[in-house]
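Participant: Structure here, sequence nowhere to be found:
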């Protein structure tokens, strides 16, 4: 038993994270709404519909955040609302986002605004989307307008959320729109997204020199299923190279490494991150496969491992808080000068039987990373209230609050009180450590 709380640094950001399409409702002008209408596209045939009704009433959930004692929130802008037609900007949409950001600030919360979180206007899709080299200029035009219009209310930006998840699902596995499985095309999209990020970075800093600009990078820490098996380690390393390392390295030193290019450098990409945003949920274990369509590796599971609720592809995540500590150490070795923010972390757990312990365990691992010298400045839990989880629809529940999509009724889960106690104390109280991690060395 411990009598000592685990304390976080002063001014640490405690928040939740959300995405426009998943919470706003009736985003009818983007490619995801169109995708939802395709038979079999979404698990159980679900539709986002009203989602969490944030376009009309986000402020009620902002009150819930404030009631938990949170001091930050990460949300995204819906490009298809702001620029519904090429070059035509909707000032009513910007006014609504201004009201949202002002509402957060009046409740004492720092907004972190993501400019692209998987969705884009239908006109952009019809013009070839990210496969079209013109996409870079289109994105910069939108970013310049939105950030100038909102810059007095926000100086903390994420350009693109999980770019490699977007690429893998849309152009490698073919599960998400535009439903293609074409590796050369996936690499073209990655190049365009990299330069779109860089152009957005430079555009924001042109009118907000002191802004913090980065991206939210998904990290799964692929590891060989059989540690002694060289081919398992190779397949795991290939995944980390393609879906983690080459993106981050390019935004640091400007080099486009294979297979993006044969080691070509572009100065526009270099030093286009002011912080590292990490989305961490789990670690993947990879068993070697001869199938190049699986990058010569198949995701497997450790025998007896604890998993969260399952989606239609199987278990969503395995309990592995040590991975959060590991990825922070990797960032510290890579760029010790860059602040780290955990821009997403959570699990689907409808009955809340696991979330309190997972939350405490991951935050304990995060504080160990801080104590070792990692400059972690904030944690954004995914998410406040159950939302529409992309191709999994309403089938996975990540919320601290349960949502009934039909009635919009919210019910606090026990984990909401756990997170509130941590945020309000800026520490993990000894009582929570004893309750949820009684056998762990602290």
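Facilitator: That came through fine. Everything numeric in this text was worked out from a predicted model, so none of it was measured. Numbers count the residues shown, from 1 in each chain.
Participant: distance between stretch 74-91 and the chain's centre?
Facilitator: Distance of stretch 74-91 from the chain centroid (CA atoms, centre = their mean, to the nearest Å) equals 20 Å.
Participant: who are the neighbours in contact with residue 409?
Facilitator: Contacts for residue 409 (CB atoms under 8 Å, 6 or more residues apart in numbering) come out as residue 403. For glycine as for every other residue, the C-beta is placed from the backbone atoms N, C-alpha and C.
Participant: change it to 10 Å
Facilitator: Each residue near residue 409 by CB atoms under 10 Å, 6 or more residues apart in numbering is listed here: 401-403.
Participant: Doesn't residue 4 lie inside a helix?
Facilitator: No. Counting by DSSP: H, G, I helix; E, B strand; the rest coil, residue 4 is located in no helix; its state is coil.
Participant: Let me see the contact set for the spatially closest residue to it that is not a sequence neighbour.
Facilitator: Computed as CB to CB, 6 or more residues apart in numbering, the closest residue to residue 4 that is not its neighbour in sequence is residue 430, at 6.0 Å. Contact analysis of residue 430 by CB under 10 Å, 6+ apart lists 1-6, 442.
Participant: Farthest pair within these?
Facilitator: Spatial extent of the contacts of residue 430 (CB to CB) is set by the pair 1 and 6 at 14.2 Å.
Participant: Give me the more crowded residue out of the two.
Facilitator: Set side by side, residue 1 and residue 6 show more neighbours around residue 6, with 23 against 6, by other CB atoms under 10 Å.
Participant: Give the bridge partners for the more buried one, please.
Facilitator: residue 428 (DSSP bridges).
Participant: got a pLDDT number for it?
Facilitator: Residue 6 carries a pLDDT score of 97 in this model.
Participant: likewise residue 442?
Facilitator: So residue 442 comes in at 58 (pLDDT).
Participant: Likewise for residue 33?
Facilitator: The predicted local confidence for residue 33 is 98.
Participant: Ok, residue 294 next?
Facilitator: 78.
Participant: before we move on, the earlier item: among the contacts of residue 409, which one has the most neighbours?
Facilitator: residue 403 leads the contacts of residue 409 on contacts (other CB under 10 Å) with 23 neighbours.
Participant: Which member of the contacts of residue 430 is positioned nearest residue 290?
Facilitator: Nearest member of the contacts of residue 430 to residue 290, counting by CB to CB, is residue 442, at 44.5 Å.
Participant: Residue 294 reaches residue 286, doesn't it?
Facilitator: Yes. With contacts counted by CB atoms under 10 Å, residue 294 reaches residue 286, the gap being 9.2 Å.
Participant: on that earlier part again, out of the contacts of residue 409, list just those in strands.
Facilitator: Under the assignment DSSP state E, those contribute 401-403 to strands.
Participant: would you list the residues you listed in TSV and tack on distance to residue 363 and pLDDT?
Facilitator: Putting the ones in strands among the contacts of residue 409 into TSV (distance: CB to CB, whole Å; pLDDT from 0 to 100) gives the following:
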residue	distance to residue 363	pLDDT
401	19	99
402	22	98
403	24	98
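Participant: Closest one of the residues you listed to residue 173?
Facilitator: Set against residue 173, the nearest of the ones in strands among the contacts of residue 409 by CB to CB is residue 403 (28.3 Å).
Participant: who's that closest one bridged to?
Facilitator: With DSSP bridges applied, residue 403 shows beta-bridge pairing to residue 410.
Participant: check contacts around it.
Facilitator: Residue 403 makes contacts with 23, 51-53, 61, 384-388, 394, 397, 409-411, as judged by CB under 10 Å, 6+ apart.
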